[in-house]
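In: need a 3D model of the following:
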Amino acid sequence: MRRPIDEFVAAWGALSGSKGGEGGWLGIGVASVGKCELMAARRCPGNEESLLARFSTARLGSSERLPEGRGFEVVRADPRGDGKTWIALSRKESGSIELFSEMVGDVAGAMDASVAEGEDAVLRTMLRRVRMWQQFMSRGPVPLSPEAELGLMGELAFMVTLINSGVCAGEVLRCWVGPDDALQDFLLGDGAVEVKATMSSSGFPVKISSLEQLDDSVASPLFLAAVRFASEDGGLTLPEMVAEAEQLLREVPGAINFLKDRLMVAGYSEIHSSQYTRRFEPKETRIFAVSEGFPRLTTATVPVGITRALYEINLDHAGEFLLDLDATLKLPGVTG
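Out: Take a look at the predicted model:
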């Protein structure tokens, strides 16, 4: 869970304009993470807002490269000269203070969630989460487009369906590779599942983004899971769907932090939660076995010279390939 940022903002405000500072830093202690000491700090002489973390036992390799992104940087520090591992997350002059504050609250919250795993895990969680922000900011810290929002809703809805069907929650999460721009969204057992979502009430149209996406010579057995949503008051917003997935993963150690990492790679951040107001009510899910005769384009079926394609399928014309979920899970060996 993200930490409230008020404590950090108040401490930075109290330190604003202060001079000097031990080791080039001025800091005010905030709630620690186990044995890891945290400080809301400012770096002198530039006065940049920072999060300082002191690790009493965890160590960082001298050659390990630290993340750096738009508006922030991570550096090694030693404000007390005590020889311990100090990591500083600092805002660059060009960075937004509002966005940096949200980042600090998120990173500190992820560290809190990993405290039971020990101090080494807290250090690794801090750096991993900052790297997720690095990826997020590299594409510009803006909300998902309506089309990307719908696509992510579809993938999360299918994730929830798999977990509710009895598939191990941790395994489902590990199999979700859609945020990595993989050819398919889930690698389940020996096969793969591509998930598509539509809001259309006429037909069952889905968009296919490449010649490889429905190519079962690349992944086999291959399935297409299509989710139809309607915009209704009883539906869930994207943040509410995320919360439902988190609830299902709450008993799996480290799973919620891992889910948050994957969501950020997908372009979703809680800082935009208030902007995701559309409600999605799932109306129908169809699963298809993608095999010979299925309506699709692949590199083997298009004329020579065609190397890329974006096309649309009406799945109302693929009824002979329909499967139920049990059969879908048995074929790639997910269930017996």
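In: from now on I want contacts and neighbour counts done on CA atoms only, so please keep to that.
Out: Noted.
In: could you look up the SS state of the residue nearest the centre of the chain?
Out: Nearest to the mean C-alpha position of the chain, by CA atoms, centre = their mean, lies residue 263 at 1.8 Å. Using DSSP: H, G, I helix; E, B strand; the rest coil, the structure places residue 263 in helix.
In: would you confirm that it contacts residue 257?
Out: No: in this structure, residue 263 is not within contact of residue 257 by CA atoms under 8 Å, at 9.9 Å.
In: for residue 180, what are its contacts?
Out: Going by CA atoms under 8 Å, 6 or more residues apart in numbering, residue 180 touches 265, 266.
In: how close does it get to residue 186?
Out: In this view, residue 180 and residue 186 are 11 Å apart by CA to CA, to the nearest Å.
In: tell me if residue 88 really is in a helix.
Out: No: counting by three-state DSSP, one finds residue 88 to be strand, located in no helix.
In: report the beta-bridge partners for it.
Out: residue 52, residue 75 (DSSP bridges).
In: hang on, isn't it packed against residue 77?
Out: Yes: if you go by CA under 8 Å, residue 88 and residue 77 touch, sitting 6.3 Å apart.
In: these two: which is more packed in?
Out: More neighbours surround residue 88 than the other of residue 88 and residue 77, with 23 against 20 (other CA atoms under 10 Å).
In: helix, strand, or coil at residue 32?
Out: Applying three-state DSSP: residue 32 is strand.
In: for the lowest-mean-pLDDT helix or strand in the chain, name the packing helices and strands.
Out: Taking mean pLDDT, DSSP states H and E as the measure, the helix or strand of the chain with the lowest value is strand 68-69, at a mean of 85. With contacts taken as 3 or more CA pairs under 8 Å, 6 or more residues apart in numbering; DSSP states H and E, strand 68-69 sits against helix 119-138.
In: pull the contacting residues for the residue nearest to the centre of the chain.
Out: Applying CA under 8 Å, 6+ apart, the residues contacting residue 263 are 179, 269.
In: how about a cut-off of 10 Å?
Out: Residue 263 makes contact with 132, 136, 152, 156, 178, 179, 242, 257, 269, 270, according to CA atoms under 10 Å, 6 or more residues apart in numbering.
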